[in-house]
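Enquirer: Provided below are the primary sequence and the corresponding predicted coordinates.
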Amino acid sequence: DGTFDVLLPRLKMGDLDLVVGRIPEGLRSQGFDCETFFTEQACLVVRPGHPLTKLRRVKLEDLLQHAWLLPVRESYLRRQIEIVFAAADLSLPRNIIESMSATANRVLIDGSDLIELLPYSVARMDLDAGRLARLPVSLPGTRSPVGAILRRGSSLKPAAAALLEQMRVVGGRISRAARV
């Protein structure tokens, strides 16, 4: 668990067998091979009953005065949302909590009016179960491939190869479900 600025050097040195997550552009030219399992959009979520869930239409600029829960600056998803705001000619909201802890984020969202940015695959089960509500805000530029990043020319240990194969199976299911 971590950000690419930490994980990719460890992968390149051989400390890690593979990295799984959103795949940033340009990794192949840095000596990595990438395998995409599926692509997904990021989404904005809040707790059920949040005041914003009562609005029929929500625009990005409507959210600037609210408190946000975002990944740390070094994360790829954070860079994507910064680009979304810049493309809309908006500054990031001023009231931001940065966290990469899924457990802490869950507690923070449940007990507050924070807006959280999540990959859809991470939010989906909680959205389906009614534990989170999705804000109807377009986030162009946050669709990304999700998959495995491997050190070019390396062979995987048997356990890592088995893990990769299972991730391919699960990724295929997610990809097929997204097309329905």
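Expert: Right, received. Where do you want to start?

Enquirer: My understanding was that E61 contacts S91; is that so?
Expert: No. Contact criterion CB atoms under 8 Å: E61 and S91 do not qualify, at 10.3 Å. In short, each C-beta sits where N, CA and C put it, glycine included.

Enquirer: shaky segments in the chain?
Expert: 179-180 (pLDDT under 70).

Enquirer: mind listing the helices for it?
Expert: 4-13, 76-87, 102-110, 120-128, 158-179 (DSSP state H).

Enquirer: thinking L139 is in contact with L44, fair?
Expert: Yes. Counting by CB under 8 Å, L44 is a contact partner of L139 at 7.1 Å.

Enquirer: Check this protein and tell me which residue is nearest its centre.
Expert: P119 (3.7 Å; CA atoms, centre = their mean).

Enquirer: still on that earlier bit, more neighbours: L139 and L44, which one.
Expert: Applying other CB atoms under 10 Å to L139 and L44 shows that L44 carries more neighbours, namely 23 against 18.

Enquirer: Pairing-wise in the sheet, spell out the partners of that one.
Expert: Beta-bridge partners of L44, counted by DSSP bridges, are L117.

Enquirer: Tell me the spacing between it and D62.
Expert: Distance, L44 to D62, using CB to CB, to the nearest Å: 11 Å.

Enquirer: what is the residue lying closest to L114 once chain neighbours are set aside paired to in the beta sheet?
Expert: In this structure, L114 finds its nearest non-sequential neighbour in L69, 4.5 Å apart by CB to CB, 6 or more residues apart in numbering. Following DSSP bridges, L69 is listed with bridge partners I97, E116.

Enquirer: ok, back up a step: next up, the contacts around the residue nearest to the centre of the chain.
Expert: P119 sits next to 22, 40, 42-43, 77, 146 when contact means CB atoms under 8 Å, 6 or more residues apart in numbering.
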